[in-house]
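*Asks:* Quick one: sequence plus predicted model below, questions after.
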Amino acid sequence: MKGLRIRSVDENDVPALVILAGKFMPKMASARRRIRALKQALEDPNYELLAAELDGEIVGFIDRWDISDFVHGAKLSYVQNLYILPRFRRKGVGGELLRKIVESAKRKSALEIHVTTEFGNKPAIGLYKGHGFVKEALQLEAGL
């Protein structure tokens with residue numbers, strides 16, 4: 001997409017990202033809790049958050065966590081969230097975000113990069129498969 005810029009975020013981007021998170025998962029958390037969590041994550045060296053910016057507007061984001069896994073004897077990366085505003089979907093924004101975050105994980109010497117999505121999210125599944133991801137396991141979760 002012409003004019004698309006993928007960049008690391010900083011604390012000045014927090015308000016815009018919190019608004020996007022509210023669109024992504026509207027009932028998950030309050031803005032105050034999101035702000036606190038995001039500021040804390042941005043201070044963690046094992047966290048990376050990239051924004052897709054078009055004409056000065058953040059239109060999407062992707063974030064990744066790295067962990068040291070003693071069983072693998074290596075660093076593993078996990079894409080936590082990928083969100084694109086609906087009017088910018090299917091225009092290459094998600095693919096560019098994903099490509100950049102995978103490149104970054106490689107630079108950080110990650111052995112693997114993992115991503116999860118809902119079973120019925122066919123566009124996301126297609127995006128991930130199109131970038132070389134394959135189904136390897138089932139992830140389960142429990143609310144606490």
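*Replies:* That came through fine.
*Asks:* Could you double-check that F24 sits in contact with N81?
*Replies:* Yes: the pair F24 and N81 passes the contact test of C-beta atoms under 8 Å, sitting 7.0 Å apart. Every C-beta, even on glycine, is put in place using the N, C-alpha and C of the backbone.
*Asks:* Report the contact partners of G95.
*Replies:* When contacts are counted by C-beta atoms under 8 Å, 6 or more residues apart in numbering, G95 is found next to L127, G130, H131.
*Asks:* do L42 as well
*Replies:* Residues counted as contacts of L42 (C-beta under 8 Å, 6+ apart) are V9, D10, E11, V14, L49.
*Asks:* ok, of the residues you listed, which come out buried?
*Replies:* Neighbour-count burial (16 or more other C-beta atoms under 10 Å) applied to the contacts of L42 gives V9, L49.
*Asks:* the strands in the protein, which residues?
*Replies:* Shown for the chain, the strands assigned by DSSP state E span residues 4-8, 47-54, 57-69, 74-84, 110-115.
*Asks:* partner strands of the second one, parallel or antiparallel?
*Replies:* The pairing partners recorded for strand 47-54 under DSSP bridges are strand 4-8 (antiparallel), strand 57-69 (antiparallel).
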